[in-house]
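Enquirer: coordinates only, no sequence provided:
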Ligand SMILES: Nc1ncnc2c1ncn2[C@@H]1O[C@H](COP(=O)(O)OP(=O)(O)OP(=O)(O)O)[C@@H](O)[C@H]1O
Ligand SMILES: Nc1ncnc2c1ncn2[C@@H]1O[C@H](COP(=O)(O)OP(=O)(O)OP(=O)(O)O)[C@@H](O)[C@H]1O
Ligand SMILES: [Mg+2]
Ligand SMILES: [Mg+2]
C-alpha cells in the first residue's frame, strides 16, 4: 500500500506535495497538543503586539499571547474538529446513503426529501442555529457541521449505491440466503468506500474552512483557546500595525487546504483502478 | 416517464422539501434560547414592558398556533412584519435578495466562463505544463478562504490602490455603473474560489469523457482535435459540471454570508444572520422561504435542463 | 470653509422612528437629533428643562407644572402648544402604542401619572400618585425617545406611525433602509439661549445635513474614516483605537460614561454562595489593568455600582477589596477550593464584555481560580441573564442617569426577578429611601452606605466605567463626548479638509 | 477514386510491426511482436487469436489511435504505398475516416450519446467529401436505408440511446462505409450479437465492401465466422504471429500446434454422452409470466409494461442439463432470475421437488433456496470487488452452522482448487483475474454449498474458445461428480450442442420449441429454430487434421395437422399469429409452439 502510494508520489509532484503538507499539518497538530513554546492563553500586558523576534518567532497578539504557540494549539483544535466532523458526517451519511439506495421505495423518497431540505439550509445557518442552542465551542461546531455535511455524503453514496445495487453480486448475496441488512453492511457499504474516502478528505477541507469561517464570524471554538479562523478574525483590527497576526493563521489555513486538496487528488488517483497503470 | 409527469413529481417533491425546511426553521428558531422582546429591551430589566411586548408580537401563543397562523397568512402572500424593523418582511427581503443575486449570479457566471474553458484545456493537455499550471492555480484558488481573499482585496485594491470603493453599497438598479464598482471586488473574490471548484470538476469529467470509445471513434473519422474536443467531448463533459454549477448557485443564493460580511453588502446572508441574532422570527422565516425556494427552483431547473441536454438519461 | 454635510458612520440601521417603541442604541443616537422632550439630560447627567421653559413642582411633590417655551415650532411649521404635549403623552400612556417606558409611568412599578392637563396654550400639569424624585429624570431617559413631543401629523390617518414631526434641530430626511439616513437642518429651530449643555441648550445646526452611513463592518468603517468618506465614527471599538491613533487628520474624543461593566455573580451557585469565594475572585482581578487593556486606556477602573463620572461618585465609592492575588491563595485554601471550574458566560457581540472576560479568566487563573469561558450569543446571554442561569457573567449596564437606577438594576427581590443579584433587606431599604429624598447630600450619604454594604457582600464585581469613544476627523470642530455616549452633531461644524 | 482500385491492388501492407506498452516506472512491454500481413482491395483479411493477443492494438496502430501508453516501436505500415508512420498529423487526419475507416469493438459505446445519429454520420462527409449539409443528409439516409434501419429519416434525427445494440452496430457500419474507404478495419463487429443479427451484419458488410472494392481487416476470435467470410487469416498469440496465409489452408487444415489447439477447442457435440433416464422432475415450471415496467424509450413516451416471459412451461430433471437458447433479450435470464426469486413473477407456478415455491413456509423456502444457485451472466458484476476469492466462496457457506470459520475457509480453498484456481488465488481480488477465471469463481461460489440445481447464465459467453473449452469441461466434470442439474442459458448454439441434454428455444419471451438436443439440432421444427441454426456456421472436425465449414441446412417441416407455427415476429415474411399459442407435442418430449388454424 505504502509502496504504491510512493509510486504515485514519485510520478506526480502534486501528490508528493499534498502528502507532505498533510503530514506537516498532522505533525504540527500532534506537537501542538502537548508542546507549545509559551502558554497559548497566557495574557501578557507588557508584550502586546510585539513584532516577530527570537523570543516570539511569530510575534505576539493584542493580549501579548505568543502567536506561534496559539498557532500550534489551534492546529490541534482545527485538525481535531475537521477530522471528527469529517468522520462523523461520512459515517452517518454513508450509512444513510447506502441504506436509501439499497432499500429504495418510500424510505428512499422520504429520506431524500428530508436530506434535500437540509441541503437547502445554508450550512452556516444550520451551524448558527446549533451554536445558538448549545453555545459556541468545539462540540457545537462539530455537531453543526456534521449535520450540514451529512446530506452531501448521502447524495454521493446513494448514487454509487444505486449503481452497486444493480450489480449482480447483490443478487448473489440474496441467493446465498443473506438478509438485506447483512447485504447492505457486507456488500454495499464496503464498495462505496472509495467515493467515501475521497469525499471524507474533501469534507475535512470543507470543515476546516467552515470552522475558520465560523470563527471568523465569531462563532467558533471557545476562547481563550485559539483557532485559525478566530485568530484571523481578531487580526483584522491590527492589519496595518501587526500584519503578522493575519499572515500566520491565513497561511496555516491555506496550506492545510492546499495539502488536503492535493492529497485528495492523489487519493482519488490511488483508489481509481484505471489510474494504477498510468 | 413523460416530461410533464416528471416535472409534476419534481415540483411535488420540491414543495415537500420546501415545507419541511420551513417547518424545521420555524421550530428550530423558537428552540433557540433568546427572546426578541427582551433583545429589544436589552439590559433594561422591566418585566411588565417585556410581557406587553411579547403579547404585541404574538409570542405568547403556543408555537403550533403561531406556525399555523404563519402558514395561513403565507398562502395569502403575507409574510408578516419584522419584529426589529417597522416594515413588512417582504420589503426587507426583496432588496437583500437582489443584492445577493447581483453578487452571486455574476460571480457564478464568471466562474463558469473562466473555469469551463480552463478545465477543458487542462484536460486536453493532460499532464503537460499547461495542465499543471491550471490545476495548481485552481487548487490554490480553492485553498484560499474567501474571507481571507476578501480582506486582501480590500486592503490592496480598496485601501492601497484606492481605485475601488470599500464602503457601502449602491444598488445597480439605482446607479448601474456605480453599483458595478461596488460589486467588482466581492464578485471577483467569490468567482475565484468557485472557479477553483469548477475547474477541477470540469477537468476530471473531461478526462473521463476523453477516455471513452466514441472519442476515439470521432478521431477515427479524421476530425481535428478541436472539433473532437469541442463538439464531441464538451457536451458530454459539461453535464456533471452543469449540475455542480446549479448546486453552487442554489447554495450561494441562500446568502454568501462571509463574502457579504467582508464586503459589507446588505445581502440575504447577512440579513439572515442578523435576524437570527436579533431573533427576528418573521424575517428569518421569510429569508428561509426565499433561500429554500431558490435552492429548490435552481435544482429543478438544472435537473430538467440536464435531462433535456443529455438525451437518454433516465428520469427517476 | 464650512461644509454643508457631515457624514457619520453608523454600525447598523435604525429600527424605526417611532419614539421609544422600536429602538436600539443607534436609533436613539439618530433620533435625539430630531426629538425633544419637555426636559432633557444635561452634560453631567442631571435633568434640565428643554421644551419646558421651567418646571414648577408643588410642595407635596405630586404636581408638576411644565411651562412651555414660546415660539417653538414643529418641523411642519406649527407652533408647539400645551395640547400637543397632552396629546403626545396620552399617546405614550396608551398601551396600544407600545411605548417601551410605559411601565415607569402607569403604575406597573408603583409610579403613576394620575392625570395630564393643559393649562392654556403654554402650560401642562402632570399629577402623580405619590412623590417621585426621579420623575423628571425618567422623562428624559434616552431610550424612551426622551419622551419627545410630536405633532399629531406624525401619524397616518389610521393612527399608525408615519414619520416624526417633532421639534429637534434636525428633521428626518431621506432614509434608504440598510444604506443611509439623512437628517436635514430645521431652519425654524429655536434653540434655548443657554450654552451647550447635554441635550438641553445651544443646539445649533451648523451642518445643513447629517448623513448617517450604515457600515456594518468595522474594517470598512475604518477605511471610510481614513479616506474621509465619513468624518465621524461614534462608538469606536477599543480594538480599532490603535489603528485610528495612527491615522492622520483623525482624532479620538472620549469621556467616561455613566456605564458600568463588570462580572455578575450568581451567589445561589454552591461554590459562589460562599462570600469568601466571591471576594477571592474580586481580589484576583486587577481592575486598573483590565480597564486599561479593554478600553485602550480611555476607560476608568471603578469598583462601585455608581459610574465613575457620576456626580455621586465620591471617595467612598473608590474603596474596594483591591488587587491581592497573594491573599487569594490563602482564602482558596481556607475554603478548600480544588480548582473546580467556574463558567464565565460572555459574548462576542460586545467586545468589551468579551475582552474583560478574557482578562478576568487569565488573571483568575494566575491566582489559582479555574475559570472557563462560555461564549454564547448575545440573545442567548440576555436570556440567561433574565433567568439567572449562570455562575459568572460578563456584563455591562447601559447608561443610567441616577445612582438609584444603577442600584435598582442589581438590587431587589431575587425570587420575583432573577436579574437582580442582591437582596440584602438593609440595602433594599437604603435604596428605597434614596428614591424618596431629593437632598443631594442626604442621598450621597445613602449611596455611600450602600457601597460599603455592596463591597461586603460582593454580589457583583464592577470593573470599570466604559468611555464614550468617538473618532472624528480633525475637520470636525466642536464635537464632544458625553456621559450618555450618544454622539451629537448640533453645535458641530465640518471645515474643509486641510483648511 | 476508389473505383480505380483494382482487385489485386494491395491496400495495406504491414511489415514487422512491433508495439510496446510503457507503464510508468517500468520497462516497455511488447504487446505486438513482429507481425506482417497484407490486404488486397476487395479482400478480407482476418486477425484471429485469443483475447488479449493484440488484435485491437494492431487495428488502432494503423490509424495512429493507440492509447497513450502504447507505441509502435518498429515496423512499417504502408497504406496504398504511403508509409503511415511518416505521415504528419494533418495527413493522418485526411486518411482517417476518409480512406481508412474503423468500426470499433464496442458498438454500444462508439456513438456519442449527446449527438444525433445524423450529425455524427454527416460530419465526416461534410469534412472530407465537401458535401453540403443537405447532400450529407441525403447520402446518410441512403446509407441507413442500405443497412436496413427502418424509418431512416426519423432515425437520422434520433439519438443513439434510441437504438438497440444491433442497430447501433449497423449505424456504425453505415457511417463508416458512407465514406467509401479503401480500407475498413472491423474490430469484432459482431460480439455480443446473437447469431441472426451477426449473420445479417456480416452479409451486409460483405455486400457493401464488395461494391466499392474496400479491403477489410476483420478482427475476431470467432473462428467459424472468419472461416466463412475471410480469404486470408493471421493467427496471433500473445502478440506473436503464429501463422498466416489463406484461410482455407490455415483454419481448415491447421498445421501449427497453437492453431490446432485453437481449433480443437471449438465446441462440438459430444458423442460419449450416456442416454439418461429421468424419474421425476426436480424443477417444474408451469405457465410462468414475468412483466416489467419499462420507462418510455424517449422523453415523450409513456412507460408501459413489457412481458419478458410469456406463459413458459418446462421441467428440469434430476441430473439433467437443460439449455435455453434464443436471441438477445428473449427472456432467458429473466426465467433464470425468476426461478431464483430475484424477479417477481406475474403469474404461473414454480415447483421445486414437487412443491410450489409460493405456498412454502418461510423457513422451508430458505432451505430450498440453499439448494438452488445461480452463475450470473456477467462474471465481473457478480463478484464483490472488495472481497477476496476465498471470502467470496466461503460466503456461500455462511448459513451452514455446523462448520467453523476455519473449515469454511478450507472448503472454499478446496472448491477453488476444484475449479482450477489453486494456491495463491485464494487471496486475490476479482480485478486481478481474467474473465474466464472470474467465471470460474462464480461457479465455485455456486457449487460450494452443493446445491441440487444451478442456473448457469451464459457462463462462457465472455471467453475465447480455449478458455471456453476449459470451463465447459469443468462444468461437465462437476456435474458428473456432484450430480447437479443445470439450467444452461446461452445463445451460442455450438456450446449448447456440446453440453445440453435438452434444449428450449425462446423468442421474445415465448418458448417456441422444446426437445432433446438431437431433436433440436437434427430435427428442428419451428422455422425460428431453423433460422437460428442456419445462421450459425460451424467448423466441424473432418478428421484428425482437417476441418470443414458446415452450413446447417435443415429440412423444413410443416406444422402439425390443424395448426400453424406460432409467429410473433420470429418468422419474417409470414403473418403474425393473433390466436393463442398452444404447445404441441410432435414427438415424445419434442414440443413446438403452434396456434390453431
Ligand atoms: N491501456 C492499456 N494499458 C495497458 N495495457 C493495455 C492497454 N490496452 C491494452 N493493453 C494490453 O495490450 C494487450 C493487447 O490488447 P488488445 O486489446 O489488442 O487485445 P485483443 O486481442 O483485441 O483482445 P480482445 O479479443 O479481448 O479484444 C493486452 O494484453 C492488454 O492487456
Ligand atoms: N429489470 C428489468 N426491467 C425492465 N425490463 C427488463 C428488466 N430485465 C430484463 N428486462 C427486459 O426483459 C426482456 C428479457 O430480458 P433478459 O435479460 O431475460 O434477456 P436474455 O434473453 O437474457 O438476453 P441476453 O441474451 O442479452 O442476456 C428484455 O426485453 C429486457 O429488456
Ligand atoms: Mg480487442
Ligand atoms: Mg441474459
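Expert: Thanks, I have the structure now. These figures come from a predicted structure and were not determined experimentally. Ligands and ions are numbered 1, 2, ... in the order given.

Enquirer: now residue D:429. Nearest residue, chain neighbours left out?
Expert: residue D:388 (6.1 Å; C-beta to C-beta, 6 or more residues apart in numbering or on different chains). Yep, even glycine has a C-beta here, placed from its N, CA and C like the rest.

Enquirer: meant to ask about residue D:230, not that
Expert: Closest to residue D:230 by C-beta to C-beta, 6+ apart is residue D:46, at 3.7 Å.

Enquirer: give me the phi and psi for that neighbour.
Expert: phi -110, psi 140 (degrees, to the nearest 10).

Enquirer: also the one 4 residues further on?
Expert: Backbone geometry at residue D:50, expressed as degrees, to the nearest 10, gives phi -70, psi 170.

Enquirer: quick one: pLDDT of the residue of the stretch 151-300 of chain D found nearest ligand 1?
Expert: Closest contact between the stretch 151-300 of chain D and ligand 1, by C-beta to the nearest ligand atom, is at residue D:221 (5.4 Å). With respect to pLDDT, residue D:221 scores 81.

Enquirer: on the three-state scheme, it is what?
Expert: What DSSP: H, G, I helix; E, B strand; the rest coil gives for residue D:221 is coil.

Enquirer: what about the closest residue to it other than its chain neighbours, distance to residue B:275?
Expert: In this structure, residue D:221 finds its nearest non-sequential neighbour in residue D:464, 4.8 Å apart by C-beta to C-beta, 6+ apart. Computed as C-beta to C-beta, to the nearest Å, the residue D:464 to residue B:275 distance reads 70 Å.

Enquirer: quick one, which of the two is more surrounded?
Expert: residue B:275 (28 against 21; other C-beta atoms under 10 Å in any protein chain shown).

Enquirer: make sure that one is indeed in a helix.
Expert: Yes: under three-state DSSP, residue B:275 sits within a helix.

Enquirer: looking at chain C, which helix or strand is least sure?
Expert: Ranked by mean pLDDT, DSSP states H and E, the weakest helix or strand in chain C is helix C:218-226, scoring a mean of 80.

Enquirer: I'd like to know which elements that helix is packed against.
Expert: strand C:5-10, strand C:232-233, helix C:238-245 (3 or more C-beta pairs under 8 Å, 6 or more residues apart in numbering or on different chains; DSSP states H and E).

Enquirer: what pLDDT is listed against residue B:152?
Expert: Reported pLDDT for residue B:152: 77.

Enquirer: mind listing what's buried along the strand or helix carrying it?
Expert: Per DSSP states H and E: residue B:152 is located in helix B:146-153. Within helix B:146-153, the residues scored as buried using 16 or more other C-beta atoms under 10 Å in any protein chain shown are B:146, B:147, B:148, B:149, B:150, B:151, B:153.

Enquirer: same question, stretch B:55-63
Expert: B:57, B:59.

Enquirer: where does pLDDT dip in chain D?
Expert: Along chain D, segments meeting pLDDT under 70 span D:1-8, D:24-25, D:107-108, D:192, D:271-278, D:294-304, D:462.

Enquirer: show me which residues of it sit near chain B.
Expert: D:60, D:63, D:65, D:93-98, D:101-102, D:104-106, D:109-115, D:123-124, D:127-128, D:159-162, D:172, D:179, D:295-296, D:299-303 (C-beta under 8 Å from any C-beta of the partner chain).

Enquirer: return the members of the residues you listed classed as buried.
Expert: D:60, D:63, D:65, D:93, D:95-98, D:101-102, D:104-106, D:109-115, D:123-124, D:127-128, D:159-162, D:172, D:179, D:299.

Enquirer: strands - which of these land there?
Expert: D:101, D:102 (DSSP state E).

Enquirer: contacts for the least confident helix or strand of chain C, please.
Expert: The contact list for helix C:218-226 (C-beta atoms under 8 Å, 6 or more residues apart in numbering or on different chains) reads A:236-237, A:239, B:151, B:154, B:158-159, B:166-168, B:263-264, C:9, C:11, C:213, C:215, C:229-233, C:237, C:239-240, C:243-244, C:247, C:250, C:471, C:473.
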